[in-house]
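Engineer: fold the following for me, if possible:
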Amino acid sequence: MQKQKSLAINFIMNAILTMSSFIFPLITFPYVSRLLLPEGTGKVSFATSVVSYFAMFGQLGIPVYGIRACAIVRDDKEKLSRTVHELFFINLIMSFISYGILLVGIVNVPRLWQDKELFLIISLTIIFNMVGMEWLYKALEKYAYIAVRSIIFKLLALAGMFLLIHGEEDYILYGAITIFAASASSIFNMLHVHNYIFVRVLKPYNLRHHFKAVAVFFAMSCATTIYTNLDTVMLGFMKSDTDVGYYSAAVKIKSILVSIVTSLGTVLLPRVSYYIENRFWNEFRRIASKAIRFVVILAIPLCIYFMIYAEESIYFLSGETYTGAILPMQIIMPTLVLIGLTNVTGIQMLVPMGKERYVLYSEIAGATVDLFLNVFLIPKFAAAGAAMGTLVAEGVVLFVQLHFLEMREVFYRIPYGKVLAGVMIAAFFSVWVKWVDWGDFIVLAVSGVLYFGVYVIFLYIVKEPLVVEVRRTILRKYLK
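Structural biologist: So this is what the prediction gives:
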């Protein structure tokens, strides 16, 4: 068996990657949103959401299934190589079919044809996803490589943003640079892959034995993509690019925070798949419980803070032309908790246990509810209606997954009372900053230090185990 990397190291590297994903839009979005205005950012967001459906079809559920399939055989290079080859061939075929259908759609649908250049650029995502094989690197827990590579391309994209985008008409360039930042590193993955698998032909290939599992993961991906992008797509067709821009500003902040909340879970999937394959059930329960505790302790205070300071956050990141994004942001913030928990119950528990069909059921239920609510809420409430639909849909997903989850005991020892008490005390000591005329950035900085500082101190005083463990680890590392 290969020596397993420390979960702590993986988490640190993934935390660095997450921080880069946080810092990059924190620097670029205030600049870009003020130049492109809600209409320009709305165009890019609409195109990205539409293309995401075709990218989903091209990937066919492989991004999640591939992690599990490769993690199980990662100790045998020949089996791993054959698995990667087979999944790549499936991905290749489906990507070209998907790309062809998208091109037909662009030519024949007037709403898409009017921004055809933008759609063609965003569509490169399909190709980059195919050649990148990110699922292989995650299965092998190569988080240091993933983090370094991603940060380099984000820095290049950052320079491109400031050098090339100067006005509202540059929204196509903005779309191109965002695709470059997110996907161009996939080419390096392809060039680097020979270090981990054989690149020669390994006959016989058996694509069929992946079809059943891939079909389930594809259905899961469909349901997820539908209810995560449906709001933006329906807003684009039923309302205006400006409304999409408002909603995108709120979702941008939510997405940054979600990446922080789910950062631990990203590094756990290959490890828990390995534990389940080898029937290390106690280790599996221990990690699942720690992941849920992490989500609850982190997501609840983030949710409450950004509901209180939604106005300052929107104005700081996007400018005062985005007033219409404040209410949608406040409505959508509780999804931080819901998404964080479903990331554990679904991706880290049900999927490694081979019960991905239950995740599929939950996501179908969420997508159905989201579609139904959007039809009624978007025409009347626009971006706020889309946020309401998303919030309810995420709640339905969690409810269904908990219904099918057998190991509910991992939820029982979570310190919900301590977390809520800490949040209320932290809000009490920091909310006064909101009424001081210091400017949005200073208000966010001062209130953030007070709020999260008081919260962490409170949890340490009441001896919350995870906070005590983190402090002990830091002291052990730096006071040797």
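
Engineer: state the distance from the closest residue in space to Leu102 that isn't next to it in sequence to Val104.
Structural biologist: Counting by CB to CB, 6 or more residues apart in numbering, Leu102 lies nearest to Phe54, which is 4.4 Å off, once chain neighbours are set aside. In this view, the C-beta of every residue, glycine as well, is placed from N, C-alpha and C. As judged by CB to CB, to the nearest Å, Phe54 and Val104 stand 11 Å apart.

Engineer: which of these two has more neighbours?
Structural biologist: Neighbours per residue (other CB atoms under 10 Å) separate Phe54 from Val104, with Phe54 holding more: 23 against 10.

Engineer: ok, and the more buried one, which helix or strand is that part of?
Structural biologist: helix 7-59 (DSSP states H and E).

Engineer: quick one: average confidence on that helix?
Structural biologist: Mean per-residue pLDDT for helix 7-59: 76.

Engineer: check stretch 127-144 too.
Structural biologist: Average pLDDT, stretch 127-144: 80.

Engineer: and the end-to-end length of that stretch?
Structural biologist: 24 Å (CA to CA, to the nearest Å).

Engineer: same check, this time on stretch 410-418
Structural biologist: 17 Å.

Engineer: who's in contact with that stretch?
Structural biologist: By CB atoms under 8 Å, 6 or more residues apart in numbering, the residues outside stretch 410-418 that reach it are 285, 288-289, 292-293, 296-297, 458-459, 462, 464.

Engineer: helices or strands up against the helix or strand just after the helix holding Phe54?
Structural biologist: The first helix or strand that comes after helix 7-59 along the chain, using DSSP H and E, is helix 62-72. Judged by 3 or more CB pairs under 8 Å, 6 or more residues apart in numbering; DSSP states H and E, the packing partners of helix 62-72 are helix 77-108, helix 134-139, helix 208-238, helix 263-277.

Engineer: lowest average pLDDT across those?
Structural biologist: Of all the helices and strands packed on helix 62-72, mean pLDDT reaches its minimum on helix 263-277 (a mean of 55).

Engineer: how about low-confidence regions in the stretch 351-480 of the chain?
Structural biologist: 408, 468-480 (pLDDT under 70).

Engineer: Glu406: what secondary structure?
Structural biologist: Here Glu406 is recorded as coil under DSSP: H, G, I helix; E, B strand; the rest coil.

Engineer: now it: phi and psi?
Structural biologist: Backbone torsions of Glu406, given as degrees, to the nearest 10, read phi -90, psi -30.

Engineer: also Pro334?
Structural biologist: Torsion angles, degrees, to the nearest 10, at Pro334: phi -60, psi -20.

Engineer: report the contact partners of it.
Structural biologist: 303, 307, 391.

Engineer: look up how far Gly448 lies from it.
Structural biologist: Distance of Pro334 to Gly448, computed by CB to CB: 19 Å.

Engineer: what's the answer for Leu466, then?
Structural biologist: 21 Å.

Engineer: try Ile297
Structural biologist: 17 Å.

Engineer: which one's more surrounded, these two?
Structural biologist: Set Ile297 next to Gly448 and count neighbours by other CB under 10 Å: Ile297 wins out with 21 against 14.

Engineer: wait, doesn't that one sit right on Val419?
Structural biologist: Yes: at 5.9 Å, Ile297 counts as touching Val419 under the criterion of CB atoms under 8 Å.

Engineer: what touches both of the two?
Structural biologist: Common neighbours of Ile297 and Val419 (CB under 8 Å, 6+ apart) are Leu459.

Engineer: and the residue nearest the centre of this structure?
Structural biologist: Geometric centre of the chain, nearest residue: Ser259, 5.2 Å, by CA atoms, centre = their mean.

Engineer: sorry, back to before: could you dump the contacts of Pro334 into a markdown table with neighbour count and secondary structure added?
Structural biologist: Converted to a markdown table, those look like this (neighbours: other CB atoms under 10 Å; DSSP: H, G, I helix; E, B strand; the rest coil):
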| residue | neighbour count | secondary structure |
| --- | --- | --- |
| Cys303 | 22 | helix |
| Met307 | 17 | helix |
| Leu391 | 17 | helix |
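
Engineer: save those residues as TSV, and put in distance to Arg149 too.
Structural biologist: TSV is the format used below for these (distance: CB to CB, whole Å):
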residue	distance to Arg149
Cys303	31
Met307	35
Leu391	35
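
Engineer: relative to Asn343, which of those residues is nearest.
Structural biologist: Among the contacts of Pro334, Cys303 lies closest to Asn343 (CB to CB), at 14.8 Å.

Engineer: that closest one and Ile339 touch, don't they?
Structural biologist: No: under the criterion of CB under 8 Å, Cys303 is not in contact with Ile339, lying 10.5 Å apart.

Engineer: mind listing what's buried in stretch 107-119?
Structural biologist: Neighbour counts over stretch 107-119 (16 or more other CB atoms under 10 Å) mark 112, 115, 118-119 as buried.

Engineer: ends of that stretch, what's the gap?
Structural biologist: Termini of stretch 107-119 sit 11 Å apart (CA to CA).

Engineer: go on, stretch 156-176?
Structural biologist: OK, stretch 156-176 end separation, CA to CA: 13 Å.

Engineer: the nearest residue to Ile332 once chain neighbours are set aside and Gln330, how far apart?
Structural biologist: The shortest distance from Ile332 to any non-neighbouring residue, by CB to CB, 6+ apart, is to Ala387 (4.2 Å). As defined by CB to CB, Ala387 lies at a distance of 8 Å from Gln330.

Engineer: which one of those two is surrounded by more residues?
Structural biologist: A direct count of neighbours by other CB under 10 Å for Ala387 and Gln330 places Ala387 higher, at 27 against 19.

Engineer: one step back: closest to Gly58 out of the contacts of stretch 410-418?
Structural biologist: The closest of the contacts of stretch 410-418 to Gly58 turns out to be Ala288 (CB to CB; 31.5 Å).

Engineer: would you confirm that the closest one contacts Val344?
Structural biologist: Yes: between Ala288 and Val344 there is a contact at 6.6 Å, judged by CB under 8 Å.

Engineer: wait, what's in contact with the closest residue to Val433 other than its chain neighbours?
Structural biologist: Nearest residue to Val433 in three dimensions, chain neighbours excluded: Ser447, at 4.1 Å (CB to CB, 6+ apart). Residues near Ser447 by CB under 8 Å, 6+ apart: 305, 309, 430-431, 433-434.

Engineer: hmm, back to that, biggest separation within the contacts of stretch 410-418, which pair?
Structural biologist: Across the contacts of stretch 410-418 (CB to CB), the longest gap, 27.8 Å, separates Arg285 and Phe458.

Engineer: the more surrounded of the two?
Structural biologist: A direct count of neighbours by other CB under 10 Å for Arg285 and Phe458 places Phe458 higher, at 20 against 15.

Engineer: what are the phi and psi angles of Met333?
Structural biologist: phi -60, psi -40.

Engineer: check contacts around it.
Structural biologist: 254, 303, 306-307, 310.

Engineer: before we move on, what about Leu450?
Structural biologist: Counting by CB under 8 Å, 6+ apart, Leu450 makes contact with 426, 429-430, 433.

Engineer: now those in CSV, with neighbour count and secondary structure?
Structural biologist: Shown next, in CSV, are those (neighbours: other CB under 10 Å; three-state DSSP):
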residue, neighbour count, secondary structure
Ala426, 24, helix
Phe429, 16, helix
Ser430, 22, helix
Val433, 21, helix
